[in-house]
Each structure stands twice: as structure tokens, then as C-alpha cells.
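**Student:** dropping the sequence and predicted coords here.
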Amino acid sequence: MTSPAAPLRELAQQGHLSTHQFMDQATLDWITANRPTLAPAASLPYPLLLLVPEAAWFVEARGVDSIHGVRHGARVCLLASLLAQEHKLSHDDTVALCAAAAVHDCRRRDDRADPGHGHRAAHWFARNNATVLAVGGWHTSAAALAKAAVAIGLHDVPHHVFSPKEQRAYQTARLPVDLLKAADCLDRYRLPLTRWWPDPSYLRITVPSWLHAVAFDLVVRSEQARLDGATHHDALTHALALLGHDQ
């Protein structure tokens, strides 16, 4: 794994974060030690859908292992699967949303800020969704995939700055958009400053309280496994096993 000269936590405090940012042991230890007061993680009430994105799908090779890379996409996929079922999204829309969640940041070039990466990823997904679905062994409808592409395109755009075109697109896929925004938000426990951690007040759906603990534990356990040498896929399955779920 590639690591910065200083821990990510220290770089964030100094305002010196680089284009590509990678988890390190000191930062993960700080995240673990600063676990917020959360409702206990309940036994997960729904089946999980996991799709670990392929390294070749990322526009930047260094982005594969970064904080917006493979493991982030896989965790957002898992969280989206739970949120979709909690909010009674249809099966087709759930599958499409999970596929979209896995690759929502695959066109991202900068871990600091990269306006437009959602729209770029949406275009990529529209061309490559069959490949993504094949990795998961999943099937869904063209209509569901179209809504999932809208969700990717809008995941990084705050509601209050939607353009007229984006607002019209949002009306065609309101729940998938809001679910992906929520799943992406829940994985912010990986970030090195608490003020960047999840803030449900920005969301337009209700997130069950137990899901915050699940999200936190997924970050800590999968990132630790990766730092210990696990592959991306094994890091995620290890985290799920510790949560009592085998894949």
C-alpha cells in the first residue's frame, strides 16, 4: 500500500491533504479511539449485497487504494443494500442501486474535491453497467439502471444547488438518489476529522440509528484488515464476518 509521509490525520489538521489520500495505522487508531456514542449495532435485519469494484474500473490507478477507492465503494454498496431494504425499494431498483454504489466514485481524480465526478461516473456506468452486474452475478431492469445512473450523477451535488436539468433528473429517481447520498454519507467515518463525519441533517431520508454503528465498524474492521495485508475483497468479507455475516 502507498502511504503519505505523515499520517492522514496530521495532514488534515495542517490543511495539507494531497490529491490522493490513503489510510494509515495512526489515523485508523485515532478513528477507533474516537468512536462516537452510537446505538448498538443490531443483528442486521436484511440480506446484504456486496460488490467489490474492480481496480480497472477506476480512472486513476492511485485512486484504487485511496479513501474514495475500492473499499469505499464496496462499503457504500453494503450500506445502500441495507438502506434500500429499510425503505422498501423494489428488488430491481435495489440491485441497480447497489451496483451504482460500488462504482459511484470510479471517475474521481482528486480525493479533496472533484466537482463533476458524479456525472462522469454516471456516464461510465451507463456504458459499463453490464460488466458491473456480471461481477456480482446480478440482473435487473433497464429502467432501474437508468435511475441508478441518475443517483450516481447527483450523489456529489447538494440538493440546494441542483441545476434545473439536475432537478428534473432527480424527480425521476428521488429515492435512489437520496439512498445513495445517505449510504455515501454513512461511510464518512473513514475521514480524519470528526467534523467531516456523518451528519444526518443533510439527508432527506431517515437512517436507522443502528446503521451508524454498522457503518463505523465496517470502516474500522475493513481498513484494519487492509492495513494488515488483506486484499480489498478479503478486507470486506473479514469485516462482515466480525459483524456476524459471511459472504
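**Tutor:** Sure thing, it's come through.

**Student:** and residue 10, what is it in contact with?
**Tutor:** Residues counted as contacts of residue 10 (C-beta atoms under 8 Å, 6 or more residues apart in numbering) are residue 26. Where you see a C-beta, it was placed from the backbone N, CA and C, and this is true even at glycine.

**Student:** pLDDT value on it, please?
**Tutor:** Listed pLDDT for residue 10 reads 97.

**Student:** check which helix or strand it maps to.
**Tutor:** Take DSSP states H and E as the rule and residue 10 turns out to sit in helix 8-14.

**Student:** I'd like the next helix or strand past that helix.
**Tutor:** helix 25-33.

**Student:** gap between the residue lying closest to residue 63 once chain neighbours are set aside and residue 76?
**Tutor:** Using C-beta to C-beta, 6 or more residues apart in numbering and skipping residues adjacent in sequence, the residue nearest residue 63 is residue 69, 5.3 Å away. Using C-beta to C-beta, to the nearest Å, we find residue 69 at a distance of 11 Å from residue 76.

**Student:** around residue 163, how many other residues sit close by?
**Tutor:** 9 (other C-beta atoms under 10 Å).

**Student:** re earlier: more neighbours: which of residue 69 and residue 76?
**Tutor:** In terms of neighbours (other C-beta under 10 Å), residue 76 is the more surrounded of residue 69 and residue 76; the figures are 28 against 25.

**Student:** got a list of contacts for stretch 161-173?
**Tutor:** 146-148, 150-151, 153-154, 157, 159, 177.

**Student:** can you give me the helices in this protein?
**Tutor:** 8-14, 25-33, 70-86, 91-103, 117-136, 142-154, 164-172, 174-186, 209-227, 232-242 (DSSP state H).

**Student:** just put the ones you listed in a markdown table and tack on distance to residue 59.
**Tutor:** Converted to a markdown table, the helices of the chain look like this (distance: least, C-beta to C-beta, whole Å):
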| stretch | distance to residue 59 |
| --- | --- |
| helix 8-14 | 22 |
| helix 25-33 | 25 |
| helix 70-86 | 13 |
| helix 91-103 | 11 |
| helix 117-136 | 8 |
| helix 142-154 | 14 |
| helix 164-172 | 22 |
| helix 174-186 | 18 |
| helix 209-227 | 21 |
| helix 232-242 | 17 |
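
**Student:** so which of those comes closest to residue 39?
**Tutor:** Of all these, helix 209-227 sits nearest to residue 39, with 3.8 Å by C-beta to C-beta.

**Student:** so the closest one versus helix 232-242, what angle?
**Tutor:** 130 degrees (axes from the mean of the first three to the mean of the last three C-alpha atoms, to 10 degrees).

**Student:** from the chain's centre, how far out does helix 209-227 sit?
**Tutor:** Mean C-alpha position of helix 209-227 versus that of the full chain (C-alpha atoms, centre = their mean, to the nearest Å) differs by 12 Å.

**Student:** any buried residues in it, and which?
**Tutor:** By neighbour count with 16 or more other C-beta atoms under 10 Å, helix 209-227 contains the buried residues 210-227.

**Student:** select the helix or strand of this structure having the lowest average pLDDT value.
**Tutor:** helix 232-242 (a mean of 93; mean pLDDT, DSSP states H and E).

**Student:** can you list contacts of it?
**Tutor:** 48, 50, 52, 70-71, 74-75, 78, 217-218, 221-223, 225-226, 230, 246-247.

**Student:** repeat that for stretch 20-39.
**Tutor:** With contacts defined as C-beta under 8 Å, 6+ apart, stretch 20-39 is touched by 1-4, 7-11, 60, 62-63, 65-67, 110-112, 189-190, 192, 194, 197, 209-210, 212-213, 216, 219-220, 223-224, 226-227.
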